[in-house]
Each structure stands twice: as structure tokens, then as C-alpha cells.
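In: Below are the sequence and a predicted model for it; my questions follow.
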Amino acid sequence: MRRLALAFAFLTRLPMPPVTPRDGDFAAAVRLYPLVGAALGLLVAGAGWAGAQIDPWLGALAALVVWVWLTGALHLDGLGDLADGLGAAHGNRDRLLAVMADPHAGSFAVVAITLQLAAKLIALHLLLPHGWPAVLAIPAAARIGPLVWARLLPPLKAEGLGAAITGAVRARDLIGWGLLLAAACVAVPALLATPLLILGLAAWVRRRLGGMTGDVHGAGIELTETGLLLVAATLV
């Protein structure tokens with residue numbers, strides 16, 4: 001329960017009881033990220049379904065607002081930082097990391113976040129009210145990504161989330177979540193795209209960046225969520 005509380009406290013704005021972490025707890029909490037995603041999905045889908053009883057656009061907006069608020073725009077921040085870094089680095093990895101560490105948002109970040117929110121809003125509108133099972137499942141599926149990336153990719157920095165979770169994910173964690181994902185695909189076929197998106201992002205990150213940071217994990221979650229939403233929208 002201590003590690004679960006840490007995972008919720010890090011990934012969401014949901015109130016959690018105060019806990020005193022032990023050595024390794026923060027890193028090990030990554031194993032529970034998909035469970036946090038399931039809770040997020042339940043709340044987001046509930047808000048979307050309720051709003052869609054009045055109008056599908058209202059449902060989509062309600063779901064998106066709840067989604068962003070619950071996560072504190074944490075992953076959107078990572079997406080913006082990554083966009084700024086890629087836009088300004090011109091292939092220089094040191095400059096990329098320096099730009100990503102800058103707390104200010106540049107034009108690349110603004111454009112990336114705007115497009116991301118627009119894509120999610122449109123996909124949610126296409127899905128609601130009848131596609132709410134996909135909305136419920138997608139946040140959990142996307143948060144399998146950090147477990148995979150932590151196993152496949154080295155950290156780019158000596159400190160931060162990317163470095164902290166390196167080595168924390170065990171093979172049995174991936175197998176367990178993979179089996180649950182496979183079972184969920186029976187109800188939500190769009191989830192079959194999850195491995196393709198997660199592994200595709202891993203290959204792209206390895207080629208362009210060479211490794212992971214916390215920002216890249218956040219950006220990966222956002223991009224996986226949107227990719228799955230768009231796949232689900234085409235299947236409704």
C-alpha cells in the first residue's frame with residue numbers, strides 16, 4: 001500500500017494519506033503505474049459518460065478536463081519539454097537535455113500541447129457515449145509503457161525519474177501486466193495496438209535520443225494514450 005500511495009501521489013492530484021517511503025519505494029512504485037491508470041480511466045470515463053448524456057462534445061470536454069486536472073498536466077509538461085528539446089537541439093543531445101531542463105515553455109511546446117489536447121478532444125467526442133470502455137482502459141494500458149521503456153532503454157541523466165526506475169521493473173511485472181492487457185483486449189480490441197505503440201516509441205526514442213528521462217516517459221504516456229484513443233475511435 002505504501003508504494004501504491006506513492007504512485008498515486010506522483011501521478012495524480014488525488015489526495016493520498018502521508019507515507020514515509022523506504023529505500024527503493026519510489027522506483028518500485030513504477031510497477032503499479034497501470035493500476036493508477038485504471039483509477040484515472042474510471043474517473044475520466046465516468047465524467048465523459050455523464051457529460052455525453054447532455055451532448056457528446058460536452059462529454060468529451062468533461063472527460064478531457066478531468067483527465068488533465070487529475071494528472072496535473074504532468075505528462076503534458078513532459079511532452080512540451082520534449083517538443084522544445086527536439087525543436088531546438090538540431091541533433092545535439094547536450095543541447096536537447098539543456099532545453100528540456102528549462103522550465104519555460106517555447107513555441108514547440110505550445111504547439112505540441114495544443115495539438116495533443118485537440119486530438120484527445122476529437123477522439124473522445126467520437127468515442128462517447130458508447131465507447132466509454134475504451135476510455136476507461138486506455139490510461140491503464142498507456143502506463144504499461146514506462147515499465148517497458150525502463151527495461152529497454154538506458155537513462156539519459158544520472159538523476160531524475162528515468163534514472164530512478166532503471167532496474168526496478170522485473171520480468172514478472174511485464175508478464176503480469178501483459179496478461180491483463182491481453183484479457184482486456186477481448187472487451188476493448190483497440191488495446192491490441194498497445195504493444196505496437198509502446199515498442200514503436202521505444203525504437204524511436206533509442207534512435208533519436210538514445211535513452212529516457214522523466215519528461216520522455218511523460219511524453220510517451222501522452223502519445224500512447226492519444227494513439228490508442230484514435231485507434232478506438234476508428235473501431236466504434
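Out: Perfect, I can see it now.
In: Check this protein for me, the residue farthest from its geometric middle.
Out: Largest separation from the mean C-alpha position in the chain: residue 54, at 28.6 Å (Cα atoms, centre = their mean).
In: Doesn't it belong to a strand?
Out: No. Per DSSP: H, G, I helix; E, B strand; the rest coil, residue 54 lies outside any strand segment and is coil.
In: tell me the mean pLDDT over the helix or strand harbouring residue 50?
Out: Using DSSP states H and E, residue 50 sits in helix 33-52. Here helix 33-52 scores 95 as its mean pLDDT.
In: what ranges do the helices span in this structure?
Out: In the chain, the helices defined using DSSP state H lie at 2-11, 25-28, 33-52, 56-71, 74-89, 93-101, 107-127, 132-142, 145-152, 161-164, 171-187, 194-208, 214-235.
In: model confidence over the fourth one, on average?
Out: In this case it means helix 56-71. On average, helix 56-71 scores 96.
In: tell me which residues of that helix are tucked away?
Out: The neighbour-count criterion (16 or more other Cβ atoms under 10 Å) identifies 56, 58-64, 66-68, 70-71 as the buried residues of helix 56-71. Every C-beta, even on glycine, is put in place using the N, C-alpha and C of the backbone.
In: Now do it: everything it contacts.
Out: Contacting residues not belonging to helix 56-71 are listed as 11-14, 40, 43-45, 47-53, 76, 117, 120-122, 124-125, 128-129, 135, 139 [Cβ atoms under 8 Å, 6 or more residues apart in numbering].
In: Put the alpha carbons of it into PDB.
Out: C-alpha atoms of helix 56-71 as PDB (Å, rounded to 0.1, in the frame of the first residue of the first chain):
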ATOM      1  CA  PRO A  56     -21.200  14.400 -26.900                       C
ATOM      2  CA  TRP A  57     -19.000  17.500 -27.100                       C
ATOM      3  CA  LEU A  58     -19.800  18.300 -23.500                       C
ATOM      4  CA  GLY A  59     -18.900  14.700 -22.600                       C
ATOM      5  CA  ALA A  60     -15.600  15.000 -24.500                       C
ATOM      6  CA  LEU A  61     -14.700  18.300 -22.800                       C
ATOM      7  CA  ALA A  62     -15.700  17.000 -19.400                       C
ATOM      8  CA  ALA A  63     -13.500  13.900 -19.900                       C
ATOM      9  CA  LEU A  64     -10.600  15.900 -21.100                       C
ATOM     10  CA  VAL A  65     -10.800  18.500 -18.300                       C
ATOM     11  CA  VAL A  66     -10.900  15.700 -15.600                       C
ATOM     12  CA  TRP A  67      -8.100  13.900 -17.400                       C
ATOM     13  CA  VAL A  68      -5.800  17.000 -17.300                       C
ATOM     14  CA  TRP A  69      -6.800  18.000 -13.800                       C
ATOM     15  CA  LEU A  70      -6.300  14.600 -12.300                       C
ATOM     16  CA  THR A  71      -2.800  14.200 -13.700                       C
END
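In: Quick check: the gap between residue 105 and residue 87.
Out: Look at residue 105 and residue 87: by Cβ to Cβ, to the nearest Å, they are 12 Å apart.
In: make that residue 134, sorry
Out: 32 Å.
In: so what's the residue nearest to residue 10 when sequence neighbours are not counted scoring on pLDDT?
Out: Of all residues not flanking residue 10 in the chain, residue 29 sits nearest, at 6.9 Å (Cβ to Cβ, 6 or more residues apart in numbering). Residue 29 carries a pLDDT score of 88 in this model.
In: circling back: out of the helices of the chain, which one sits most buried?
Out: helix 132-142 (a mean of 26; mean count of other Cβ atoms under 10 Å).
In: Show me what it is packed against.
Out: helix 33-52, helix 107-127, helix 171-187, helix 214-235 (3 or more Cβ pairs under 8 Å, 6 or more residues apart in numbering; DSSP states H and E).
In: That concludes my questions; thank you for your assistance.
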